[in-house]
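> Coordinates only, no sequence provided:
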């Protein structure tokens, strides 16, 4: 068997190496990678939003306790303008009666009802924003607030300068509707019993208002 000359062996090896280097190197195809998509169930949260006009009009019904005369029903209307998120101005008109006892010529007690009307302008400040849970899984946006202002109370045909202090709780079940629970102290001087005195007249009411 003829042998390959020793000079041809290195030459063949060099040719083989050059041919291998000239061939393109094929990259291995990327393997199949499983993409994991997280299956997160998102809960839609819908928070009531008050209209940007910040105007509120509503009515109320409750009890008005005139000092020395007992409690009677009170009703009225109010309007408010929200200057900022925390500060608002409110105007209120309310109607009630004061029941007094008098004696006739025979000494018998007679109950007399005297109409009472008041008009107030109040400044309010919202505090403690939060939520009120009306039922399981449902919450209403809420805010407690303080109010203070001045007004006039007409009683026994006299207009009495009135200082008003109080507070309340506002709940917003839907975007355009608010429910109010209010407490007021109407402070004014009266001479209805022929005694000049400063009286504290407590009002407790519940109402509803419309935002637009």
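Received the coordinates, thanks. Here the structure is a predicted model, which means the values were calculated and not measured.

> Quick one: mean pLDDT for the top strand by length along the chain?
With DSSP state E applied, the strand covering the greatest number of residues in the chain is identified as strand 109-135. For strand 109-135, the mean per-residue pLDDT is 80.

> Likewise for stretch 153-169?
Mean pLDDT, taken over the full extent of stretch 153-169, equals 93.

> Show me which positions of it end up buried.
Residues of stretch 153-169 classed as buried: 153, 155, 160, 162, 164, 166, 167, 168, 169 (neighbour count, 16 or more other CB atoms under 10 Å). All C-beta atoms are positioned from the backbone trio N, CA, C, and that covers glycine.

> In stretch 119-135, which residues are buried?
119, 120, 122, 124, 126, 132.

> of all these, which comes closest to residue 64?
Within the buried residues of stretch 119-135, the smallest distance to residue 64 is 12.6 Å, found for residue 120 (CB to CB).

> Out of the buried residues of stretch 153-169, which sit inside strands?
153, 155, 160, 162, 164, 166, 167, 168, 169.

> Against residue 153, how distant is the fourth one?
Translated: residue 162. Here the criterion is CB to CB, to the nearest Å. By it, residue 162 lies 5 Å from residue 153.

> Need the overlap of contacts for these two.
Between them, residue 162 and residue 153 have 118, 186, 188 as joint contacts when contacts are counted by CB atoms under 8 Å, 6 or more residues apart in numbering.

> Which one of the residues you listed is nearest to residue 176?
Sorting these by distance to residue 176 puts residue 118 at the head of the list, at 27.9 Å, by CB to CB.

> May I have the beta-bridge partners of the closest one?
Each beta-bridge partner of residue 118 is listed here: residue 94, residue 153, as defined by DSSP bridges.

> Report how many residues lie close to it.
Here the neighbour count serves as a burial measure; for residue 118 (other CB atoms under 10 Å) it reads 26.

> which intervals of this protein have sub-threshold pLDDT?
Low-confidence regions of the chain, defined by pLDDT under 70, span residues 1-53, 100-112, 134-137, 192-194.

> what about the helices in it?
Counting by DSSP state H, the segments of the chain that form helices are 8-22.

> what's the closest of the shared contacts of residue 162 and residue 153 to residue 139?
residue 186 (33.4 Å).

> Thought residue 200 was touching residue 68, still the case?
No - taking contacts as CB atoms under 8 Å, residue 68 lies outside contact range of residue 200: 10.5 Å.
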